[in-house]
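Student: Have a look; sequence and predicted model below, questions after that.
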Amino acid sequence: MARIAVLVVLLLAPAAILYVSGYPEFARDFVLGTVLAFHLGVLARPLAAFSFLIAGVYTAAAITANFTDGVAALIVACAAATGAASSLGLHRGLQAVLAATLIGSFEPATATVAAVRGLALLGGCLYGLILVQTVARTLTVRPLAVHSTTALSYSVLLAVLVLVAWFTARAVGLEQGWWLPLTVAALGEPWLKSTPGKAVSRLALALAGTLLTLVAFEAVAEPSLRAALAVTLLLALLSLGRDRPDVQDFLLTPVLLLLAAGAGSYSLGVNAGGTLLAFLVVATFTVLGKWVLWTLRPDTGHFISA
């Protein structure tokens with residue numbers, strides 16, 4: 001546990017220094033890049049060197065955020081690639097790239113502003129990669145993969161569900177609605193370890209738990225308290241998430257929401273009714289879609305050699 005605590009300090013220390021030095025926006029982008037690159041590097045080590053893509057897709061999504069066709073195509077491509085990577089057990093790591101795309105799609109900016117943010121993210125990504133290759137080189141996760149036919153089905157399903165969640169979040173006016181499609185992507189693995197009924201029950205509980213957690217976080221207005229919560233969740237994610245994919249999947253969205261809030265205040269939506277409506281619609285599609293996958297493709301998964 002002490003080693004994990006030191007790792008969390010190393011992950012957050014540069015951003016904390018930037019924050020107290022008077023650069024809160026740079027600190028926010030830097031820590032997002034760090035955590036996302038670390039997530040990619042630990043859970044998908046063969047792809048760790050491609051962490052620069054996190055900054056690239058964020059910048060592209062922010063620039064095209066007001067052009068629905070363009071940003072939607074980028075989101076679909078990232079979601080489909082994430083799903084397809086399940087054939088190698090790398091999909092959990094690639095969620096970092098998808099997360100960066102979704103965050104950028106809700107933060108429209110001019111090319112200049114997006115490039116500045118992207119550079120801050122890139123700096124964080126490089127730092128996160130250094131941590132992965134040095135102090136976290138022994139932090140390994142044994143990936144669980146599915147067969148190619150299951151991966152193809154999961155890829156198509158994930159692209160559809162993420163796109164539905166993204167459009168729904170926009171339709172009801174969620175200002176920072178990227179958490180909704182990210183939750184859809186993070187929860188519910190392509191493999192099946194029990195019956196489809198039990199898997200659906202766990203998924204529904206996880207979706208509801210995520211919404212309640214984020215609503216509770218919205219009441220935390222003090223940046224220092226949000227930082228303390230982020231540290232606590234990162235400790236839990238790194239200590240428990242290695243052996244419990246469900247824990248890691250559940251904690252991903254809350255951690256990123258706390259870090260993305262920075263010194264500002266994130267709102268889940270224009271009104272509580274709109275947020276609840278969006279969640280219910282998306283949760284219904286997600287549960288049904290993944291139930292169909294688990295029923296038609298009851299793949300128990302297999303380990304990939306490190």
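Tutor: Alright, I've got the coordinates.
Student: What strand or helix carries the residue nearest in space to the middle of the chain?
Tutor: In the chain, the centroid-proximal residue (Cα atoms, centre = their mean) is residue 99; its distance is 4.3 Å. Here residue 99, judged by DSSP states H and E, is contained in helix 91-105.
Student: Worst mean pLDDT across the helices and strands of the protein, which element?
Tutor: helix 223-240 (a mean of 84; mean pLDDT, DSSP states H and E).
Student: Does anything pack onto the following helix or strand past it? Which helices or strands?
Tutor: The first helix or strand that comes after helix 223-240 along the chain, using DSSP H and E, is helix 245-261. The helices and strands touching helix 245-261, judged by 3 or more Cβ pairs under 8 Å, 6 or more residues apart in numbering; DSSP states H and E, are helix 24-43, helix 91-105, helix 179-186, helix 196-218, helix 223-240. Heads up, the C-betas are built off the backbone N, CA and C, glycines and all.
Student: Residue 152: which of these is closest?
Tutor: Closest to residue 152 of these, according to Cβ to Cβ: helix 91-105, at 12.6 Å.
Student: next SSE after that closest one?
Tutor: Downstream of helix 91-105 (by DSSP H and E), the next one is helix 111-133.
Student: For that following helix, buried residues please.
Tutor: 114, 116-125, 127-132 (16 or more other Cβ atoms under 10 Å).
Student: Repeat that for stretch 166-184.
Tutor: For stretch 166-184, the neighbour count (16+ other Cβ under 10 Å) marks 166-170, 172, 174, 176-184 as buried.
Student: Same question for stretch 45-54.
Tutor: By neighbour count with 16+ other Cβ under 10 Å, stretch 45-54 contains the buried residues 45, 47-48, 50-54.
Student: what about it, distance to the chain center?
Tutor: 15 Å (Cα atoms, centre = their mean, to the nearest Å).
Student: ditto for stretch 186-198
Tutor: With Cα atoms, centre = their mean, you get 19 Å for stretch 186-198.
Student: Next: stretch 228-244.
Tutor: Taking Cα atoms, centre = their mean, one finds stretch 228-244 lying 14 Å from the centre of the chain it belongs to.
Student: Surely residue 297 is in contact with residue 150?
Tutor: Yes: using Cβ atoms under 8 Å, residue 297 makes contact with residue 150 at a distance of 4.5 Å.
Student: Looking at these two, which is more packed in?
Tutor: Counted by other Cβ atoms under 10 Å, residue 297 and residue 150 do not tie: residue 150 has more neighbours, with 24 against 19.
Student: Neighbours of residue 197, how many?
Tutor: Residue 197: 11 neighbours (other Cβ under 10 Å).
Student: for the one 4 residues further on, same thing?
Tutor: A count of nearby residues for residue 201, using other Cβ under 10 Å, gives 13.
Student: If I look at it, what pLDDT would I see?
Tutor: For residue 201, the model assigns a pLDDT of 95.
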